[in-house]
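S.K.: below is the structure, and that's it, no one-letter string:
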């Protein structure tokens, strides 16, 4: 039997992000998922090695790779629309669940137990770190757009930073203090 799960996953590169914004450089879901995985891994390593929490950075990074997989089927719903009101938010979650089920149906049954928790984001602690990394990635996109002279992302940057602070994660504080400033630098300034 032919299973199309991975062929679908590799189509993340065709799903554009930030559709409502003027971008100096377009971003797709595949590259975003990679960035979120790197950031989620970093936050989990900080949590484990600095704050001595029992975290598995590899498990969290793997979940981050698949966190937007349903968008292959649904497309990327802009945040202002997705969270506009509770009814839309609930309806979108239902659509997302259907997309998750559809993706998992594309796997041989013996692989569903391994990929199901990743695609469904079923572990709450893992999901928290992936969500933090997702927001951090969005903030970094705003910084990069601002660095390129695009003021379109200024308000988004303020809102995302407020959301990051509201998460009250010491790992985020550690990362934003030590690593985030470098994203505002040019290549020459980084050296």
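M.R.: Noted; the coordinates are in hand. All values derive from a computational prediction rather than experimental measurement. Residues are numbered from 1 along each chain as shown.
S.K.: residue 37 - how many residues pack around it?
M.R.: 21 (other CB atoms under 10 Å). All C-beta spots, glycine's among them, are computed from the backbone N, C-alpha and C.
S.K.: and it, how far from residue 52?
M.R.: Distance, residue 37 to residue 52, by CB to CB, to the nearest Å: 23 Å.
S.K.: what of residue 26?
M.R.: Taking CB to CB, one finds residue 26 at 40 Å from residue 52.
S.K.: check contacts around the residue most central in space within the chain.
M.R.: In the chain, the centroid-proximal residue (CA atoms, centre = their mean) is residue 134; its distance is 3.1 Å. Residue 134 makes contact with 36, 64, 67, according to CB atoms under 8 Å, 6 or more residues apart in numbering.
S.K.: so, low pLDDT: which residues of the chain?
M.R.: For the chain, the stretches with pLDDT under 70 are 1, 78, 80-83.
S.K.: quick one, helices of it?
M.R.: 5-9, 29-49, 57-65, 71-74, 79-82, 86-104, 112-120, 124-147, 154-166, 170-178, 187-190 (DSSP state H).
S.K.: now for those, which one comes closest to residue 18?
M.R.: Taking CB to CB, helix 124-147 is the member of the helices of the chain nearest to residue 18, at 7.1 Å.
S.K.: okay, buried residues for that closest one please.
M.R.: Applying a neighbour-count criterion of 16 or more other CB atoms under 10 Å, one finds 126-146 buried in helix 124-147.
S.K.: starting at the chain centroid, how far to that helix?
M.R.: In terms of CA atoms, centre = their mean, to the nearest Å, the centre of helix 124-147 is set 6 Å apart from its chain centre.
S.K.: same check, this time on stretch 179-191
M.R.: 22 Å.
S.K.: near the residue nearest to residue 66 when sequence neighbours are not counted, how many other residues are there?
M.R.: Using CB to CB, 6 or more residues apart in numbering and skipping the chain neighbours, the partner closest in space to residue 66 is residue 118 (4.2 Å). Neighbours of residue 118 under the rule other CB under 10 Å: 21.
S.K.: surely residue 118 touches residue 65?
M.R.: Yes - Residue 118 lies in contact with residue 65 (CB atoms under 8 Å); the separation is 7.5 Å.
S.K.: what about residue 4, distance to residue 101?
M.R.: With CB to CB as the criterion, residue 4 and residue 101 are 14 Å apart.
S.K.: now residue 55
M.R.: Following CB to CB, the distance that separates residue 55 from residue 101 is 28 Å.
S.K.: and these two? Which one has more around it.
M.R.: Between residue 55 and residue 101, residue 55 has the larger neighbour count (other CB under 10 Å), namely 20 against 13.
S.K.: for the more buried one, give me its contacts.
M.R.: Applying CB under 8 Å, 6+ apart, the residues contacting residue 55 are 44, 47, 48, 125, 129.
S.K.: let's see 6 Å
M.R.: Residues counted as contacts of residue 55 (CB atoms under 6 Å, 6 or more residues apart in numbering) are 44, 47, 48.
S.K.: good, wrapping up.
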